[in-house]
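Engineer: got a predicted model here, sequence first, then my questions.
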Amino acid sequence: MDAADLSALIVIGSLVLAVVFIACGFVFFGIDVYKASKESRKVKTGYKVWLVISIALTVLLVLGFIALMIIAFLAMLSM
């Protein structure tokens with residue numbers, strides 16, 4: 001295994017971890033909203049913070065992929 005394979009594994013692994021973090025943030029927030037409505041209480045602050053971080057991370061990932069698509073498109077046009 002050379003350095004390129006290792007760096008690709010690190011990038012893919014970190015993207016998978018980010019997607020899992022985002023999915024868990026949305027799911028746990030939804031579960032707590034449902035439980036809070038049943039118990040007539042407010043949603044826990046930790047889940048709100050987790051949701052905001054998940055949304056911000058989602059926006060960063062989407063902007064990063066859009067930037068990569070633009071760079072790839074420009075690289076193909078320059079050939």
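Structural biologist: Noted; the coordinates are in hand. Numbers count the residues shown, from 1 in each chain.
Engineer: C-alpha from now on. contacts and neighbour counts both.
Structural biologist: Fine.
Engineer: tell me who's in contact with V33.
Structural biologist: V43 (C-alpha atoms under 8 Å, 6 or more residues apart in numbering).
Engineer: 10 Å instead?
Structural biologist: 27, 39-44, 47-48 (C-alpha atoms under 10 Å, 6 or more residues apart in numbering).
Engineer: per-residue pLDDT, L74?
Structural biologist: L74 carries a pLDDT value of 95.
Engineer: what about it, distance to L15?
Structural biologist: L74 sits 24 Å away from L15, going by C-alpha to C-alpha, to the nearest Å.
Engineer: buried sites along the helix or strand hosting L63?
Structural biologist: Assigned by DSSP states H and E, L63 belongs to helix 45-77. With burial defined by 16 or more other C-alpha atoms under 10 Å, the residues of helix 45-77 counted as buried are 47-48, 50-51, 54, 57-58.
Engineer: mind checking how far it is from the chain centre?
Structural biologist: 7 Å (C-alpha atoms, centre = their mean, to the nearest Å).
Engineer: quick one: list the elements packing against it.
Structural biologist: Contacts defined by 3 or more C-alpha pairs under 10 Å, 6 or more residues apart in numbering; DSSP states H and E place helix 45-77 against helix 3-39.
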